[in-house]
Structure formats: structure tokens, C-alpha cells
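Student: Predicted model and sequence below, questions to follow.
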Amino acid sequence: MTLCQDSATCKTVSYNPESKICQLSDSAPVTKLIESEEQVYTVSCKLDYTYNPESMTCYKLVKSKTDWYQANESCSAIGGYLATFPTAAASQWFRDQLPTLLGTSNILLPPNSMTWIGGYRDDTSAPENFAWQGFATGGVPAPGQPESDWKADEPQDFEKCIAAYVDGWYDADCTDFEFFYTCETLP
Ligand SMILES: [Ca+2]
């Protein structure tokens with residue numbers, strides 16, 4: 001190895017993956033350095049989807065503006081669901097990725113650059129009445145609850161659908177607004 005060429009103290013090491021033994025170039029193989037190897041899994045998402053390591057699912061932001069119901073149908077039509085977030089970390093990952101997913105560093109103020117996600121409620125009487133419609137099923141956590149990622153002071157005006165933006169989740173009228181939307185699938 002050329003790295004060791006001019007160094008008196010440097011020695012090369014060879015590794016035998018079968019015996020898991022590292023052997024110095026001029027010594028006997030006596031040191032077991034690796035007792036266990038981590039399994040390495042590779043996950044791949046469909047073309048145009050980005051892997052979210054927090055939710056372990058794949059997301060695709062569609063830059064076509066539509067109402068929530070049409071967005072929901074469009075995601076179903078391509079074998080997925082509107083995006084859901086099982087944890088606040090999964091939502092934070094998504095918000096951090098928004099410029100990349102939008103393909104621009106120029107994030108526009110709301111309601112532009114917002115994207116529909118899969119939170120919906122029939123009953124607007126309480127903030128805890130939202131439920132996820134996709135992979136993360138069950139209730140959307142209300143503000144202040146663990147795993148909640150609402151923007152400060154949202155939800156605030158008795159609207160039935162959820163849109164995400166760089167600063168968190170907003171309730172928004174499902175048909176008055178037309179936003180981009182984000183679909184989710186399993187890897
Ligand atoms: Ca709102």
C-alpha cells in the first residue's frame with residue numbers, strides 16, 4: 001500500500017470477512033476486531049419519491065395545485081396516500097426537505113408553497129378530531145401533544161383539511177384552497 005510506503009511505524013492490514021479477522025501485514029492473525037456485524041438493509045423508493053428515514057416511507061411532492069379531495073384521489077390513483085407523519089421527527093424531516101422537494105430554495109409565503117397532507121376531520125368541534133388518512137392511521141395529535149407538529153396557533157379556524165408548510169401544519173379549507181400535494185408510499 002502506497003499510504004504506508006515512507007512510514008516506519010505504519011503497517012498495512014488485511015481483513016478476512018469470513019473469519020472476521022484483521023491481520024497486520026507482518027504478524028500472525030490474532031486479533032478479532034469485529035465480533036458482530038450490523039445487518040445492512042438497502043431501501044429504495046419508486047422513481048421521483050424520496051425516502052424519509054424517520055417514517056421509513058417514501059414521499060413525492062406533486063407540483064400541481066388542486067383541492068384536498070382531488071389530491072387524495074390522485075395519490076390513491078398512483079398507489080399511495082396523501083402524506084402522513086407518525087412522529088414529529090418525520091414531519092420535521094419533511095419540512096427540512098421542502099425546498100428540495102419543491103425544487104427551489106425560494107419558498108413563497110402561505111398560501112403559496114404549501115402542500116396538502118393526509119390529515120382530515122369531519123367534525124370541526126375540537127382540534128383532536130383530525131385523523132390521518134394514509135399509512136399513519138389514527139388521530140392527528142392535537143397542539144401540544146407529543147408528535148404534534150402544528151404551526152403555533154394552528155388549527156385556528158375550524159377547517160377540515162391539513163396542509164404542511166416550512167413552519168408546520170395548518171388547518172385549511174379543503175376546497176377553497178388549491179395547493180401542491182404530497183403522496184406517500186411504502187418503499
Ligand atoms: Ca387555518
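Tutor: Great, that's in hand.
Student: got the contact list for Ala142?
Tutor: Contacts for Ala142 (C-beta atoms under 8 Å, 6 or more residues apart in numbering) come out as Ala126, Pro127, Glu128, Ser148, Trp150. Any C-beta I mention is one placed from the backbone N, CA and C, and that applies to glycine too.
Student: And what about it, helix, strand or coil?
Tutor: Of the three states, Ala142 takes coil according to DSSP: H, G, I helix; E, B strand; the rest coil.
Student: Give me the distance between it and Asn72.
Tutor: 22 Å (C-beta to C-beta, to the nearest Å).
Student: cool, and Ser148?
Tutor: Separation of Ser148 from Asn72 (C-beta to C-beta) stands at 22 Å.
Student: which of the two has more neighbours?
Tutor: Asn72 (22 against 18; other C-beta atoms under 10 Å).
Student: Need the nearest residue in space to the more buried one, chain neighbours excluded.
Tutor: Spatial nearest neighbour of Asn72, chain neighbours left out: Leu82 (5.3 Å); criterion: C-beta to C-beta, 6 or more residues apart in numbering.
Student: Beta-bridge partners for the one you found, please?
Tutor: Following DSSP bridges, Leu82 is listed with bridge partners Cys183.
Student: got a list of what it touches?
Tutor: 68, 71-72, 75, 116-118, 133-134, 181-184.
Student: buried residues in stretch 131-149?
Tutor: Ala131, Trp132, Gln133, Gly134, Phe135, Ala136, Val140, Pro141, Pro143, Ser148, Asp149 (16 or more other C-beta atoms under 10 Å).
Student: In JSON lines, list those residues along with distance to the ion and pLDDT.
Tutor: Below are these laid out as JSON lines (distance: C-beta to the ion, whole Å; pLDDT from 0 to 100):
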{"residue": "Ala131", "distance to the ion": "17", "pLDDT": "97"}
{"residue": "Trp132", "distance to the ion": "18", "pLDDT": "97"}
{"residue": "Gln133", "distance to the ion": "18", "pLDDT": "94"}
{"residue": "Gly134", "distance to the ion": "21", "pLDDT": "90"}
{"residue": "Phe135", "distance to the ion": "24", "pLDDT": "90"}
{"residue": "Ala136", "distance to the ion": "21", "pLDDT": "90"}
{"residue": "Val140", "distance to the ion": "14", "pLDDT": "97"}
{"residue": "Pro141", "distance to the ion": "17", "pLDDT": "96"}
{"residue": "Pro143", "distance to the ion": "12", "pLDDT": "95"}
{"residue": "Ser148", "distance to the ion": "15", "pLDDT": "97"}
{"residue": "Asp149", "distance to the ion": "15", "pLDDT": "98"}
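Student: number of nearby residues for the spatially closest residue to Glu154 that is not a sequence neighbour?
Tutor: Once flanking residues are discounted, Glu154 sits nearest to Tyr170: 5.0 Å by C-beta to C-beta, 6+ apart. Number of residues near Tyr170 (other C-beta under 10 Å) recorded here: 25.
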